[in-house]
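1. Sequence first, predicted coordinates after that:
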Amino acid sequence: MTQRADVQTFSAPLLPRAGASAGRRHVPASWHFLKRATDLALGGAALLALSPLVAVAAAGIVMVSPGSPFFLQERVGKDGRRFKLFKLRTMVDGAHLRHTEMRDLNEVAGPVFKIRNDPRLHPLGKLLRRTSIDELPNLVNVLLGEMSIVGPRPPLPSEVEHYDDFALRRLTVNPGITCLWQINGRSNVSFEKWMQLDNAYIDSWSPLLDLTIVARTIPAVLRGEGAH
């Protein structure tokens, strides 16, 4: 991956280059309407139903690790627009300040940063990640229109700085809570394969495919494969 000088400063929304956006797929307007309606219906119902679980998890985090149980992290969404991603905190407070010193422990290639047994995790962190409970507050981002239920996972700005045109295509659609990567091994998948899965989704998404991915997400979460 080559570093892109034109995206190193995020003072304005990051827009995919012409080569990346040229591959946008035109679909019926009704599909977009249906996707948003589904996001609101499923997102609202899921947030209401799972709020007690989020509350219990948040209380558990407070008990084992000082600091707020919630964590806001800047991510990059459709057309490079930045937003704050809502998550439950899985690491000790201030863990992001130790990011540089952890670089040597990175276990994956490409611009992403993954450690299977990250020493910065608090006592509940590994469980929250394995069960994906830490991602449940993402539903707030869905209701705000910053994310969809299904779509490529939203990247960090520091990751996007190293994207080529193939990877930048993932910014031509709304990011999502679950995706083909999520149900096909997650962190066990190489960065190149991850980008291939996201591009395959962009090239073939439909309301039926979204429902299929949602249905396959539940058993994938229960298996916990690649969740770290």
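-> Received the coordinates, thanks.
2. ok, then the element right after the lowest-mean-pLDDT helix or strand in the chain?
-> Scoring the helices and strands of the chain by mean pLDDT, DSSP states H and E places helix 18-21 at the bottom, with a mean of 56. For helix 18-21, the following helix or strand on the C-terminal side (DSSP states H and E) is helix 29-64.
3. Could I get the average pLDDT for that next one?
-> The average pLDDT within helix 29-64 is 96.
4. Centre of the chain to the next helix or strand after that helix, how far?
-> Using DSSP H and E, the helix or strand that follows helix 29-64 in sequence is strand 70-76. Centroid displacement of strand 70-76 relative to its chain, using C-alpha atoms, centre = their mean, to the nearest Å, is 10 Å.
5. Over to stretch 42-56?
-> 18 Å.
6. mind listing what's buried in it?
-> 42-43, 47, 54 (16 or more other C-beta atoms under 10 Å). All C-beta spots, glycine's among them, are computed from the backbone N, C-alpha and C.
7. which residues are contacting that stretch?
-> 88, 133, 136-137, 139-140, 142-143, 149, 214 (C-beta atoms under 8 Å, 6 or more residues apart in numbering).
8. Low-confidence regions, the chain specifically.
-> Counting by pLDDT under 70, the ranges of the chain that qualify are 1-24, 97, 99-101, 106-107, 226-228.
9. Determine which residue lies closest to the centroid of it.
-> Centroid-nearest residue in the chain: residue 153, 3.0 Å away (criterion: C-alpha atoms, centre = their mean).
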